[in-house]
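**Q** build the 3D model from these lines:
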Amino acid sequence: MKDEMSLLKLPAFTLLSGIGWCIDFVIFNYLVALDHTYFASNLVSAAVAVSFVLITARHWIFRNHVESLHGVVVKYVLWNVVSVTAASFFVQITASGLEQIDLSGIASATGHVTGMTPNRVTIVSNLSKLLVTPITMYANFLAVGYIVERRFSFY
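**A** As a prediction, the model looks like this:
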């Protein structure tokens, strides 16, 4: 039974992270639209999203608590100072690279499907965030599992 529950942790964490990612994505794009840098926008949006994921994942997924919520939060904040800063750096680098590429085909295809052609900044911000997210989501899964339950589980 315990092994079956372990197998459900990654999909459950992915679902909660997906909700957190939607929160992250909305805040990120809003801040970029207000002319903040990709780096600063990602710092703020990711901080809000990872806080949501920590609280919900600790309650619903990682139930083998080995220390108080306060201790977990302190460790999680330290983890996120490093991980969100690194992710923000990679979002900025990715966005800078995407700004050098002709993305008019993506704009046309998006406009054809949705009826609204996005501007270049919207395309760059969305693609940069999409490309970095899978790596950060899995790293966060490993980190939360270790911080809350003091063990690494790759699934």
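**Q** in the helix or strand hosting residue 42, what's buried?
**A** Under the criterion of DSSP states H and E, residue 42 resides in helix 38-60. Taking 16 or more other C-beta atoms under 10 Å as the neighbour-count basis, helix 38-60 is seen to contain the buried residues 38-39, 41-47, 49-54, 56-58. The C-beta positions use only the backbone N, C-alpha and C, and glycine is treated the same way.
**Q** what's the answer for stretch 112-127, then?
**A** Residues of stretch 112-127 classed as buried by neighbour count (16+ other C-beta under 10 Å): 118, 122, 123, 124, 125, 126, 127.
**Q** make CSV out of those residues and add pLDDT and secondary structure.
**A** Putting the buried residues of stretch 112-127 into CSV (pLDDT from 0 to 100; DSSP: H, G, I helix; E, B strand; the rest coil) gives the following:
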residue, pLDDT, secondary structure
118, 89, coil
122, 90, helix
123, 92, helix
124, 94, helix
125, 91, helix
126, 91, helix
127, 94, helix
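**Q** out of these, who's nearest residue 62?
**A** Nearest to residue 62 among the buried residues of stretch 112-127, counting by C-beta to C-beta, is residue 126 at 30.2 Å.
**Q** mind listing what the closest one touches?
**A** With contacts defined as C-beta atoms under 8 Å, 6 or more residues apart in numbering, residue 126 is in contact with 25, 29, 118.
**Q** do that again at 10 Å, thanks
**A** 25, 28, 29, 32, 95, 98, 106, 110, 118 (C-beta atoms under 10 Å, 6 or more residues apart in numbering).
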